[in-house]
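Chemist: Give the three-dimensional model of this entry:
(one chain, ligands or ions: 1)
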Amino acid sequence: MDILFKNAQVFRNGVFVRSDALVSGGRLSLSCGEVPPASVADGRDICILPGFADVHVHLREPGFSYKETIRTGSMAAARGGYTTICPMPNLDPVPDDLDTLRQEMEIIERDAVIRVVPYGAITKGEKGEALADLDAMAPYVCAFSDDGRGVQSAEMMLTAMRKAKRLGKLIAAHCEDNSLLRGGYIHDGEYARAHGHRGICSESEWGPIERDARLAEKSGCAYHVCHVSSAESVEVIRRAKARGVDITCETAPHYLVLNDSMLQEDGRFKMNPPIRSEADRQALIAGILDGTVDMIATDHAPHSAEEKGRGLAGSLMGIVGLETAFPVLYTELVKTGVLPFEALVRLLTDNPRRRFGLDGEGGFTVFDLGADYTVDPAEFLTMGRATPFEGRRVFGRCLMTVCAGRVVWQDRLLEAL
Ligand code: DOR
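Modeler: Numbering: from 1, shown residues only. Purely as a prediction, here's the structure:
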């Protein structure tokens, strides 16, 4: 459908400009004098952004298609404004050599509606015991990760970093020291104490980050920390950056918007790492503002209703995030004046793309910032339903996403304009 947005807010070369914007046949043109017949809409609340890139999602195929598929996960991403996503390798089989990686790539080729660039595992089967075939996978993957599990052995991590360095690839680490977990499953803080839950201490996260920052320094490897959730982790990364270590990190919307006083006895509040304290949340925001935190990823991790229906103690870890990330962040951080809008856009677009070598695919996404609504998981395209943002009022509805010239998402609201 052709539509002309009058006086829309368009993100161009790092800044917003006001312009008439014609979206026609999957293409965007600005300030068009003579336009073909098109519906004309008031663009004052419309913003047009480059397609987002999410370097941390779980698409569950091959192996766990009862939780999510590459088709449903990539459709959910398109509906969230994303045009590139990078799925983690905790699959069955784990992509740890060319043969297993090809199995995943064939499904991507067949079913993905946007650009999907997989991770390869760091170790065979993500077991931490033997190095995966990094050489063979390097040309096809965005980076190497054992996400879902921490690489426990420093020696194994150093070997992987040396290899990744030679291959010019990034190591993206899930940092978790198993020896400190002691059966914990939510943050070791006030809520856990008050409600008799076993806590996960922050050191299980920042300890391995500190170890890996040293190993990255030693090996010269480009190193990225997945889903940073604690204040100490931010500080460790800040100091490593100051020493000149080639280190970056991501955090996720739930760590930036929620704290453990908001937990409920419901599996939709359970993920790993856990939602931590208000001081941790503030430290993450400070980290974003001073450039210590480089990007925001969702850690979209769908599970079945049954797997998420066993309360805080019994549910599996992981929540969905692709369809709520932008509206939640825009509403809670930009509209409240905590974060400049341009900064949020960079955290979702340029920063991840540059670090992970993800070329733009010419995609863009159109949001109506004036549209407010209540997050309703029944409307999701992902097969996962568990989100701590259920019932939350947000601003910003994704009207359309275009990837490589193809309209991959179009909201029914657009028809009504
Ligand atoms: O909450 C999580 N879910 N954290 C992880 O590290 C893994 C992920 C998953 O695969 O479900």
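
Chemist: Quick check: pLDDT value at the residue nearest the centre of the chain.
Modeler: Centroid-nearest residue in the chain, with C-alpha atoms, centre = their mean: A297, separated by 2.2 Å. Note for A297: predicted pLDDT of 99.

Chemist: okay but it is in contact with D54, surely?
Modeler: Yes. Between A297 and D54 a contact is recorded at 5.4 Å, counting by C-beta atoms under 8 Å. Every residue, glycine included, has its C-beta placed from N, CA and C.

Chemist: Neighbouring strands of the helix or strand where W409 lies in the sheet, and parallel or not?
Modeler: W409 belongs to strand 406-410 when assigned by DSSP states H and E. Strand pairing for strand 406-410, determined by DSSP bridges: strand 393-403 (antiparallel).

Chemist: Please point out which parts of the partner strand sit buried.
Modeler: Neighbour counts over strand 393-403 (16 or more other C-beta atoms under 10 Å) mark V394, F395, G396, R397, C398, L399, M400, T401, V402, C403 as buried.

Chemist: Let me know the closest of these to the ligand.
Modeler: Checking the buried residues of strand 393-403 against the ligand by C-beta to the nearest ligand atom gives V394 as the nearest, at 21.9 Å.

Chemist: so what's that closest one up against?
Modeler: By C-beta atoms under 8 Å, 6 or more residues apart in numbering, V394 lies in contact with T324, P327, V328, Y330, T331, D372, Y373, T374, V375.

Chemist: And what about the spatially closest residue to it that is not a sequence neighbour, helix, strand or coil?
Modeler: Counting by C-beta to C-beta, 6 or more residues apart in numbering, P327 is the residue found nearest to V394 once chain neighbours are left out, at 3.9 Å. Classification of P327 using DSSP: H, G, I helix; E, B strand; the rest coil returns helix.

Chemist: Count the residues that sit near P327.
Modeler: Close neighbours of P327, defined as other C-beta atoms under 10 Å, add up to 26.

Chemist: Ok, the one 4 residues further on next?
Modeler: Burial of T331, expressed as a neighbour count using other C-beta under 10 Å, amounts to 20.

Chemist: still on that earlier bit, downstream of the strand holding W409, the next helix or strand is which one?
Modeler: Per DSSP H and E, the helix or strand that comes after strand 406-410 is helix 412-416.

Chemist: buried ones in that next one?
Modeler: The neighbour-count check on helix 412-416 (16+ other C-beta under 10 Å) flags L414 as buried.

Chemist: where exactly do the strands run in the stretch 251-400 of the chain?
Modeler: 295-296, 364-374, 393-403 (DSSP state E, counting those that start in this stretch).

Chemist: Make CSV out of these and add distance to A154.
Modeler: Converted to CSV, the strands of the stretch 251-400 of the chain look like this (distance: least, C-beta to C-beta, whole Å):
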stretch, distance to A154
strand 295-296, 26
strand 364-374, 41
strand 393-403, 40
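
Chemist: any chance of these in TSV, with distance to the ligand too?
Modeler: Converted to TSV, those look like this (distance: least, C-beta to the nearest ligand atom, whole Å):
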stretch	distance to the ligand
strand 295-296	16
strand 364-374	24
strand 393-403	22
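
Chemist: correct me, but M262 touches E278?
Modeler: No. The pair M262 and E278 does not pass the contact test of C-beta under 8 Å, sitting 9.5 Å apart.

Chemist: check contacts around the residue lying closest to V338 once chain neighbours are set aside.
Modeler: Spatial nearest neighbour of V338, chain neighbours left out: I285 (6.3 Å); criterion: C-beta to C-beta, 6+ apart. The neighbourhood of I285, defined by C-beta under 8 Å, 6+ apart, consists of L256, L333, V338, L339.

Chemist: The same query, at a cut-off of 10 Å, please.
Modeler: Residues near I285 by C-beta atoms under 10 Å, 6 or more residues apart in numbering: V234, T251, Y255, L256, V257, V293, L333, V338, L339.

Chemist: Could you report the distance from the residue nearest to the fourth one when sequence neighbours are not counted to D188?
Modeler: Right, L256. Spatial nearest neighbour of L256, chain neighbours left out: L284 (5.7 Å); criterion: C-beta to C-beta, 6+ apart. Separation of L284 from D188 (C-beta to C-beta, to the nearest Å) stands at 17 Å.

Chemist: next one: C403
Modeler: With C-beta to C-beta as the criterion, C403 and D188 are 41 Å apart.

Chemist: phi, psi of the closest residue to the ligand within the chain?
Modeler: The nearest approach of the chain to the ligand comes at G318, 3.1 Å away (C-beta to the nearest ligand atom). Backbone torsions for G318, taken as degrees, to the nearest 10, come to phi 140, psi 140.

Chemist: For T382, see how far away it is.
Modeler: Distance from G318 to T382, by C-beta to C-beta: 12 Å.

Chemist: Wait, A240 touches W206, no?
Modeler: No. Here A240 does not reach W206: they are 11.3 Å apart, not a contact under C-beta atoms under 10 Å.

Chemist: okay, and the common contacts of these two?
Modeler: Taking C-beta under 10 Å, 6+ apart as the contact rule, A240 and W206 both touch V225.

Chemist: just checking, K165 is part of a helix?
Modeler: Yes. Assessed by three-state DSSP, K165 belongs to a helix.

Chemist: burial of it, as a residue count?
Modeler: The tally of other residues near K165 (other C-beta under 10 Å) stands at 18.
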